[in-house]
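Novice: Next come a sequence and a model predicted from it.
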Amino acid sequence: ALDAARTAGAITVLNTAPFHGDAAGFLGKADYLVANETEFDLYGEALSLNGRDRPARMRDYAARTGRTIV
């Protein structure tokens, strides 16, 4: 659905709650990622994000994907 929306020119938003480990592979397809602290931490582990704290891991995610985290 995210691919189809982007192809159509839509801005995409994905809320990561509740956590589903298999979703880690497509988080970067959304223009805006809405993540609670718990879900972001779990996805951070699944994606092996770098950083010793959450803000650093959020910056790493944004740098890797070019996407915005809310």
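Specialist: Sure thing, it's come through.

Novice: What helices and strands are in contact with the longest helix seen in the chain?
Specialist: Looking across the chain with DSSP state H, the single longest helix is helix 54-65. Judged by 3 or more CB pairs under 8 Å, 6 or more residues apart in numbering; DSSP states H and E, helix 54-65 is in contact with helix 37-46, strand 68-69. Where C-beta positions appear, they are placed from N, C-alpha and C, glycine not excepted.

Novice: middle-most residue in this protein, spatially?
Specialist: Geometric centre of the chain, nearest residue: L27, 4.1 Å, by CA atoms, centre = their mean.

Novice: and that residue, what does it touch?
Specialist: Contacts of L27 were listed using CB atoms under 8 Å, 6 or more residues apart in numbering, and they are L14, T16, L33, Y43, L47, T65, R67.

Novice: So what's the residue count around T38?
Specialist: 12 (other CB atoms under 10 Å).

Novice: swap that for A35, sorry
Specialist: Residues lying near A35 (other CB under 10 Å) number 22.

Novice: Retrieve the pLDDT associated with it.
Specialist: Listed pLDDT for A35 reads 91.

Novice: Out of the contacts of L27, who's the most crowded?
Specialist: L33 leads the contacts of L27 on contacts (other CB under 10 Å) with 24 neighbours.

Novice: doesn't A62 make contact with that residue?
Specialist: No - the pair L33 / A62 is not scored as a contact, 9.1 Å apart, by CB atoms under 8 Å.

Novice: Please enumerate the shared neighbours of those two.
Specialist: The contact sets of L33 and A62 overlap at T68, I69 (CB under 8 Å, 6+ apart).
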